[in-house]
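Colleague: need coordinates for the below:
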Amino acid sequence: MAPAVRALADDGVRLHLSGGMPDALLPRVALGELAFCLSGLSAAPGGNLAWEPLRADPIQPLAPLGHALARGRRRAGWDALAQARWVVPGPGTSTHAEFVRNFETYGSLPQQLLISHSSLRELALAAILDALVLVASSRLQDPAVH
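Modeller: This next block holds a predicted model:
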């Protein structure tokens, strides 16, 4: 998001930023409460909203340093991922739906899920709980992720 905000600010656009899960922000765009939303949605949201992909930014699992699945840097299979504790966005979000769809396709849904409706706290919760978390690839260079 930082490069897009920088470009708008450099063009003299006055910005008022609101944070939150994309699925909660989209209705605010539809109602005219927000002019637009930069989100990690991988497909058009439908309805009366225009959607323009800026770049691919896939979501991937991230493990805290020292996590059993992070040792050795080998790919973890779906069975191992299903045994892990996860911090994931809540039902009703596209990320949660994709998470469930992937596990239903490739394995069984993990039993230890912490559902979060705050896009700012998942990393800290994952570190505290030694849990896996879903992170957009673009965030991997963010110092907070390290």
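
Colleague: which helix or strand in this protein has the lowest average pLDDT?
Modeller: helix 22-30 (a mean of 81; mean pLDDT, DSSP states H and E).

Colleague: past that one, which element shows up next along the chain?
Modeller: The C-terminal neighbour of helix 22-30 among helices and strands, as given by DSSP states H and E, is strand 59-62.

Colleague: strands paired with that next one, and their directions?
Modeller: strand 132-136 (antiparallel) (DSSP bridges).

Colleague: which residues does the strand it pairs with contact?
Modeller: 40, 57-63, 67, 69, 81, 84-89, 95, 99, 122-123, 125-126, 145 (Cβ atoms under 8 Å, 6 or more residues apart in numbering). C-betas here are computed from N, CA, C, even on glycine.

Colleague: could you rerun that using 7 Å?
Modeller: 40, 57, 59-63, 84, 86-88, 95, 99, 122-123, 126, 145 (Cβ atoms under 7 Å, 6 or more residues apart in numbering).

Colleague: tell me the buried residues in stretch 83-93?
Modeller: Across stretch 83-93, burial judged by 16 or more other Cβ atoms under 10 Å covers 83-89, 93.

Colleague: buried residues, the longest helix seen in the chain. List them.
Modeller: Ranked by number of residues, the top helix in the chain under DSSP state H is helix 94-106. Using 16+ other Cβ under 10 Å as the test for burial, helix 94-106 gives 94-96, 99, 103.
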